[in-house]
Structures are given as C-alpha cells and as structure tokens.
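Undergrad: model this:
(4 chains)
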2 protein chains.
Amino acid sequence: MLQHSDPLDRAFHALADPGRRWMVDRLTRGPASVSELAQPLDMSMSAVVQHLKVLEASGLVRSTKTGRIRTCQVQPDALRAAEGWLNTRRLEWERRLDRLGDYLATTNGDEQ
Amino acid sequence: MLQHSDPLDRAFHALADPGRRWMVDRLTRGPASVSELAQPLDMSMSAVVQHLKVLEASGLVRSTKTGRIRTCQVQPDALRAAEGWLNTRRLEWERRLDRLGDYLATTNGDEQ
DNA sequence: TGAATGCTGAAGCATATGCTTCACTATCAA
DNA sequence: TTGATAGTGAAGCATATGCTTCAGCATTCA
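TA: Numbering: from 1, shown residues only, chains lettered A, B, ... in the order given. All right, here's what the predicted structure looks like:
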C-alpha cells in the first residue's frame, strides 16, 4: 500500500470522513477559525487540527495564520476536480446507455 | 472511530483508492467480470475481490453471478450522490463569492 | 506582568485497511 | 471424469488512521 499519492486519492479520502465533510460544508459558507470548526465537533482540538491537515494536504482547504488565529477557506478547484472525475464517468456511462438504446432500436425496431 | 456508516462516507472512501477508481472507470464503459477487472491490476485475485466488496458496499457497483462468472456493473445513482454533494457545496461557495462581489461593488462602486 | 486564549506537536494506543498465501468450491469443456 | 477456469473465504501481517493526553508556545487582554 502506497499512501494516497494522487490528488484525487487525497481529495476523496479527505471527503470520506463525516467530520471533515462537515468542515468543508461549513467553509463553503465562509471562512472560519480552527476553534470555530472544532466547536460543534465532539472531539479534541488536536483531533480537529489533524483533520484539518488532511484537508489541507488534499488541497480542499487552505489556511493562513494571523496572530494566534488560523483562518481556513475552501479551495473550490479541488472540489471541482473531484466533481469533474465523477461527472465524466457518469456521462460516459449515460452515453453508453444511449448507444445501447439506439442499437436495440435499430435491430429491433420498425424503421428501415 | 465508527467505520464508514453514511452512504457518502462509503462512496468517497471507495473512490479514494486508485485501483478501485480504475475499476469504476472501466465499468462505465460496460460490464466486466472479476477476472477482467483484475487482469491489469497488479495484485492477487483475492485483493481484487476485496476491493470489489468495498465498491459494492458503497453502492457504486453491483454484481450478479451466472455460472462461475460474476459480472459487475456501475450504479450511477451512487456516482450521482457523491457528485451532487460536491456540486451543492461548490455552488454554495460560488453564490457566496457573488454576494461578496455585489457587496463590494455597492460599498465601493461609482453607481448610486 | 500574568493569565487566558488559540493553536501546535509528540507519544501512544485501538482499530481499520490492504495486501498476501493457501485451501477450497463450483462450473465448464474435452 | 478429469482438468482448467473463476471466484470465495479465512488467517495473518504491515502499515495507516483516528483518536487521546499532555506538554508546550505565541498572542492578546486585563
């Protein structure tokens, strides 16, 4: 096993955790500090920081520190990349279904 | 840690592995047997079957056995669910950016 | 200056994941 | 019926993950 080396590996892995997904969801509604992210998640500050590191490593979130406050933001490009992968595969599948439908219509159909 | 109980947890977790993602990709181009899925993946049959179980548990893939051949298919609904989650968050983020843009335009702008 | 706040980092531990190998069953084809 | 093919399942092992606690360290506020 080789760790999550591909950006998509990291993004999907980051999104597989409900707590991390909650953080991303929260951040789509605006930036937040680490404590703000931690507050409703029933776990220690350290645990939250570790989740945050996973999110940052995946590129889904970026953060900057000002004074003693670290402010986090979503990075939509990483969201888009994951979304794009799924979209491409779904469209491919649908395209295939269409072709199959056409084929069945011609072998089977009344036209011609 | 409570395992991956939510359907989205399972879907994203399933997609976090490049081998499993390859299988999904392959299956969007049509059904395949377990051996066909295993062939280009440099790992044992058992390992592939275990990945397949993860994919089936996530709802991304379904399979049926006929004779000694198990045929696998993508389930687009699970793809759609994951895609939808990402899309909703991304749109929320973009909506927020737009509002912010409007606000800056009015506080700052030449109009009015 | 001294205390509270916000975050960081290491250590340690339980459990999960991702493989392997080996033994096995069921099906198909000759 | 014999052998090859396709898949299954358990055991075992290395490594990864997800927490916890505890011990800091800046920064801010009184």
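Undergrad: From now on I want contacts and neighbour counts done on CA atoms only, so please keep to that.
TA: OK.
Undergrad: Please pull out the lowest mean pLDDT helix or strand from chain A.
TA: None of the helices or strands of chain A scores lower by mean pLDDT, DSSP states H and E than helix A:76-108, at a mean of 90.
Undergrad: tell me which parts of chain A are close to DNA strand D?
TA: Within chain A, the residues that sit near DNA strand D (C-alpha under 7 Å from any atom of the strand) are A:1-4, A:17, A:19, A:42-47, A:50-51, A:66-68.
Undergrad: and stretch A:52-59, how far from the chain's centre?
TA: 11 Å (C-alpha atoms, centre = their mean, to the nearest Å).
Undergrad: what does that stretch contact?
TA: Outside stretch A:52-59, the residues within contact range by C-alpha atoms under 8 Å, 6 or more residues apart in numbering or on different chains are A:7-8, A:10-11, A:14, A:20, A:61-63, A:75, A:78.
Undergrad: Quick check on these: which are buried?
TA: Among the contacts of stretch A:52-59, those buried by neighbour count (16 or more other C-alpha atoms under 10 Å in any protein chain shown) are A:7-8, A:10-11, A:14, A:20, A:61-63, A:75, A:78.
Undergrad: tell me which element the residue of chain A found nearest DNA strand C is part of?
TA: Of all residues in chain A, residue A:35 sits closest to DNA strand C, at 3.4 Å by C-alpha to the nearest atom of the strand. Element membership for residue A:35 (DSSP states H and E) is helix A:34-38.
Undergrad: In chain A, where is pLDDT below threshold?
TA: Counting by pLDDT under 70, chain A has low-confidence residues at A:1-3, A:108-112.
Undergrad: Name the residues of it found near chain B, please.
TA: A:4, A:6, A:8-13, A:15-18, A:25, A:28-30, A:76, A:79-80, A:82-83, A:86-87, A:89-90, A:92-93, A:96 (C-alpha under 8 Å from any C-alpha of the partner chain).
Undergrad: ok, of those, which come out buried?
TA: A:4, A:8-13, A:15-17, A:25, A:28-29, A:76, A:79-80, A:82-83, A:86-87, A:89-90, A:92-93.
Undergrad: just to revisit the earlier point, so which of the buried ones among the contacts of stretch A:52-59 sit within strands?
TA: With strands taken from DSSP state E, the overlap with those comprises A:61-63.
Undergrad: circling back: which of the residues of chain A next to DNA strand D count as buried?
TA: A:4, A:17, A:19, A:51.
Undergrad: now the first helix or strand past the helix holding residue A:35 going along the chain and helix A:76-108, what's the angle there?
TA: Moving toward the C-terminus from helix A:34-38, the next helix or strand (DSSP H and E) is helix A:45-58. If you take axes from the mean of the first three to the mean of the last three C-alpha atoms, to 10 degrees, helix A:45-58 sits at 60 degrees to helix A:76-108.
Undergrad: Dump helix A:45-58 to PDB, restricted to CA.
TA: This file holds the C-alpha atoms of helix A:45-58, laid out as PDB (Å, rounded to 0.1, in the frame of the first residue of the first chain):
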ATOM      1  CA  MET A  45      -8.700  20.400  19.400                       C
ATOM      2  CA  SER A  46      -5.800  18.200  18.400                       C
ATOM      3  CA  ALA A  47      -8.000  15.800  16.500                       C
ATOM      4  CA  VAL A  48      -9.600  18.700  14.600                       C
ATOM      5  CA  VAL A  49      -6.200  20.100  13.700                       C
ATOM      6  CA  GLN A  50      -5.200  16.600  12.400                       C
ATOM      7  CA  HIS A  51      -8.400  16.500  10.200                       C
ATOM      8  CA  LEU A  52      -7.500  20.000   9.000                       C
ATOM      9  CA  LYS A  53      -4.100  18.800   7.900                       C
ATOM     10  CA  VAL A  54      -5.700  16.000   5.900                       C
ATOM     11  CA  LEU A  55      -8.000  18.600   4.300                       C
ATOM     12  CA  GLU A  56      -5.100  20.900   3.500                       C
ATOM     13  CA  ALA A  57      -3.000  18.100   2.100                       C
ATOM     14  CA  SER A  58      -5.900  17.200  -0.200                       C
END
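Undergrad: Much appreciated, bye for now.
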